[in-house]
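*Asks:* Quick one: sequence and predicted model below, then my questions.
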Amino acid sequence: MDPMSGNLFPETFSGLDRTGSSNRTPFPSPFYDWTVSWMPRDIKNIFRWCEYLYKRNGIVRQATKRIALYPVTDVKFEEESTNITDNYKDFLENVLHYKSKAVMIGIDLMVYGNSILSVFLPFKRFLECEKCSVETPINRVKWKFKSYQFTGECKSCGHFGVMKRIDRKAYDVSKVHLIRWDPKQIDIHYNDYSGATEYYYKVPPEHETMIQEGIPHFIETVPWGIVESVKEKRKFKFNPDALLHIRMPSLAGELKEWGLPMFVNLFQLHFHAAIARRANEGIFLDFAMPTRVIYPDQKTQNTEPVEFMNLGRFREEMVNMLKERRRDQLHVKISPVPIGYQTIGGEAKALNLFNEMKEINEEIMASIGIPQDLFYGTMTIQAAPIALRLFENNWADYVSGLNEWIQWLCRKVGNYMDWEPINVKFMSVRLIDNIEKKGMLFNLAASGKVSDLTALQSWGIDFKEEQRKFKEQQTITTAIQQEAQEEAQVQQDAMDGGEAQAVSPFDLQGQAEQIAQQLLQMPYEQRKSMLYNLQQTNETLYALVSKKMEQMRNAMKTQQGQAAMQGQQGPGMMAPGMAGPQGPAMPGPGLM
């Protein structure tokens, strides 16, 4: 029987009595309850109910997000690292932000049971003048869109009239956009025999309004097939290879074209949870705050205060006592009769349904397929292996769908951008980190049985990136060591120069010239540091070195000028004393 017909669970049914008599008396069906009357009757209403459950139930929402996040890892290219793989990696990480998109796809798949995807490939829209045939980008033309035609003034010839729309391919990968289609707006025509599928999209009314009113930011970038569908008042039909439909498993007897949403079996549980929450709300409104009653008490069997006292006056005195008590916490009231006190209500803690709601939530998590200890973060080491292994196997279809999506996406973008095809998938993930296995891989790599690349990938480490970091590390280490040696040498030379100053000025001049030649060969930052240290240790030598460096720079300028003149006179001529073409390049003017 069709489960969407609403007749699967009749309100009553008949049966034989205990004597086997054919006289049947109808009685209520045990399968018919309130939830049956609220069940959605078609797939689009099921989608709406699933949206409501996801937005309304916090347990369902958080469990869905955790499942969606589980298999999202780094991508792995089967080819060796090249410029092509770098292009794909840059697109996935910096343009698409594939991890966040993968989580969104996972949430769609958990909630709707379906994720329908396409890729917006960039194009540039031009308007062509009907007179001079000059094409101008649409954003540079003051156009109007009326009756599904463009009119405007040509910037080339000044002609005003109807302009032809032309879309041209744009090689701008930063404009690539992933589209997640609302399954409520999608109709699927499915052939049970051939498996052929056609997808149709009902353009939302708000988009129809923007097209008909010619809203610029929408008209300039919308695919023109959508505009034609609105013009012809029909549904938009997708090309056979334009969509990727990832779906959850469904039964052979129903919904063959759609995936079965995971939340279908949660309707009854959510209904019960809603009843419990509503009951708790009434309990807390009526029983959380107790009512306090004050009355004249009876302390003896022979005396009844109410027989001889004015109860109206007693009430006024009690009210005044409470007012005084609120103004003065130390106020003491004197009463000629005993006073009784009683509370009514306040049983909310005993009446609440928290335990029942907790059991319903646990049943919801079991229906979704997420271990409770994993959800609450209380899983023990002893229980983890079996529970997590079952969890991973339960969502194997989801992992397969994400790998299909990332490969399909790279194929679509690669074909459009004229990149070489490549094989890519998400790295395998295990919630149980097998430390022993990973340690064994490193031992095998050390013995040469497996590659370092395999060992590093088990920990999610990029081998190529690590090699680059090693090279950078060696460069930095070498530079620091060289800098330290040169600083020590300069300081030693400065000390030697200071001692020689008192003995011989000629020796000091020679020392300054030698240091100046060394400094001119150093990078700017290193030379600046050396000169600062020299200034702090020996100002006299610092002044001589600075003067020598300036003289050497001026001499180099003179040689360069003579070389330029010599080059104008003819080849092969060189000024006397001028450095040849193999001489070192000198820095520009200035002290440092």
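*Replies:* Alright, I've got the coordinates.
*Asks:* center of the chain, which residue is that?
*Replies:* Central residue of the chain (Cα atoms, centre = their mean): Ser100, 2.8 Å from the mean position.
*Asks:* Show me what the mean pLDDT comes to for the host helix or strand of it.
*Replies:* Counting by DSSP states H and E, the element that carries Ser100 is helix 98-112. Averaged across helix 98-112, pLDDT comes to 95.
*Asks:* Show me what that helix is in contact with.
*Replies:* With contact meaning Cβ atoms under 8 Å, 6 or more residues apart in numbering, helix 98-112 is reached by 47, 50-51, 53-54, 64-65, 67-69, 71-72, 75, 92, 114-115, 117, 178, 180, 183, 246-248, 259, 261-263, 398, 401-402, 405-406, 409, 426. In this view, the C-beta of every residue, glycine as well, is placed from N, C-alpha and C.
*Asks:* For ChimeraX, write the select line for the buried members of those residues.
*Replies:* Per 16 or more other Cβ atoms under 10 Å, the buried members of the contacts of helix 98-112 correspond to this ChimeraX selection:
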select :47,50,53,54,64,67,68,71,72,75,92,114,115,117,178,183,246,247,248,259,261,262,263,398,401,402,405,406,409,426
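*Asks:* Could you measure from the residue nearest to the centre of the chain over to Pro249?
*Replies:* 26 Å (Cβ to Cβ, to the nearest Å).
*Asks:* Kindly report the same for Glu392.
*Replies:* Glu392 is 17 Å from Pro249, by Cβ to Cβ.
*Asks:* Tell me, please, where in the stretch 51-200 of the chain the pLDDT is lower than the cut-off.
*Replies:* Where the stretch 51-200 of the chain drops to pLDDT under 70, the residues are 80-81.
*Asks:* Can you show me the strands along it?
*Replies:* Ranges of strands in the stretch 51-200 of the chain, per DSSP state E, counting those that start in this stretch, are 75-77, 114-120, 123-129, 135-137, 143-146, 149-153, 160-169, 177-181, 186-190, 197-201.
*Asks:* For Lys323, find the nearest of those.
*Replies:* Between Lys323 and these, the shortest separation by Cβ to Cβ is 63.6 Å, and it involves strand 177-181.
*Asks:* Point out where the protein drops to low pLDDT.
*Replies:* In the chain the weaker segments, taking pLDDT under 70 as the threshold, are 1-28, 80-81, 299-303, 374, 376-388, 429-438, 458-460, 492-506, 560-592.
*Asks:* Distance from the chain centre to the longest helix along it, please.
*Replies:* Longest among the helix segments of the chain by residue count, using DSSP state H, is helix 463-501. In terms of Cα atoms, centre = their mean, to the nearest Å, the centre of helix 463-501 is found 43 Å from the chain centre.
*Asks:* immediately after that helix, which helix or strand?
*Replies:* Next in sequence after helix 463-501, counting helices and strands by DSSP H and E, comes helix 505-520.
*Asks:* Give the next helix or strand downstream of that next one.
*Replies:* By DSSP H and E, the next helix or strand past helix 505-520 is helix 524-537.
*Asks:* So which bits of that following helix are buried?
*Replies:* Buried, per 16+ other Cβ under 10 Å, within helix 524-537: Gln526, Arg527, Ser529, Met530, Leu531, Leu534, Thr537.
*Asks:* Equivalent analysis for stretch 34-42, please.
*Replies:* Applying 16+ other Cβ under 10 Å to stretch 34-42 flags Val36, Met39 as buried.
*Asks:* Start and end of it, how far apart?
*Replies:* Counting by Cα to Cα, to the nearest Å, you get 18 Å between the two ends of stretch 34-42.
*Asks:* Grab the nearest non-local neighbour of Val264.
*Replies:* Closest residue to Val264 apart from its sequence neighbours, by Cβ to Cβ, 6 or more residues apart in numbering: Ile46 at 6.6 Å.
*Asks:* Then that neighbour would be within a strand, right?
*Replies:* No - looking at Ile46 with DSSP: H, G, I helix; E, B strand; the rest coil, it is helix, so not inside a strand.
*Asks:* Next one: Cys129 relative to Ala170, how far apart?
*Replies:* Cys129 is 21 Å from Ala170, by Cβ to Cβ.
*Asks:* When the two are compared, which one has more neighbours?
*Replies:* Between Cys129 and Ala170, counted using other Cβ atoms under 10 Å, Cys129 has the larger neighbour count: 23 against 13.
*Asks:* SS state for Val293?
*Replies:* Quick answer, by three-state DSSP: Val293 is strand.
*Asks:* Any idea what it is bridged to?
*Replies:* For Val293, the beta-bridge partners are Gln342 (DSSP bridges).
*Asks:* wouldn't it be in contact with Ile339 here?
*Replies:* No - if you go by Cβ atoms under 8 Å, Val293 and Ile339 don't touch, sitting 11.0 Å apart.
*Asks:* So for these two, which sits in the more crowded spot?
*Replies:* Ile339 (15 against 10).
*Asks:* Once you drop chain neighbours, what's closest to that one?
*Replies:* Asp297 is the one closest to Ile339 (Cβ to Cβ, 6+ apart), at 5.8 Å.
*Asks:* so that neighbour makes contact with Ser335?
*Replies:* No - under the criterion of Cβ under 8 Å, Asp297 is not in contact with Ser335, lying 9.9 Å apart.
*Asks:* Need the residues touching each of those two.
*Replies:* Contacts common to Asp297 and Ser335, judged by Cβ under 8 Å, 6+ apart, are absent.
*Asks:* right, and Val413 touches Lys175 too?
*Replies:* No - using Cβ under 8 Å, Val413 is not in contact with Lys175; the gap is 11.1 Å.
*Asks:* Looking at the two, which one has more neighbours?
*Replies:* Val413 (21 against 14).
*Asks:* centre of the chain versus the helix or strand where that one lies, how much separation?
*Replies:* Using DSSP H and E, Val413 maps to helix 396-417. On the basis of Cα atoms, centre = their mean, helix 396-417 sits 18 Å off its chain's mean C-alpha point.
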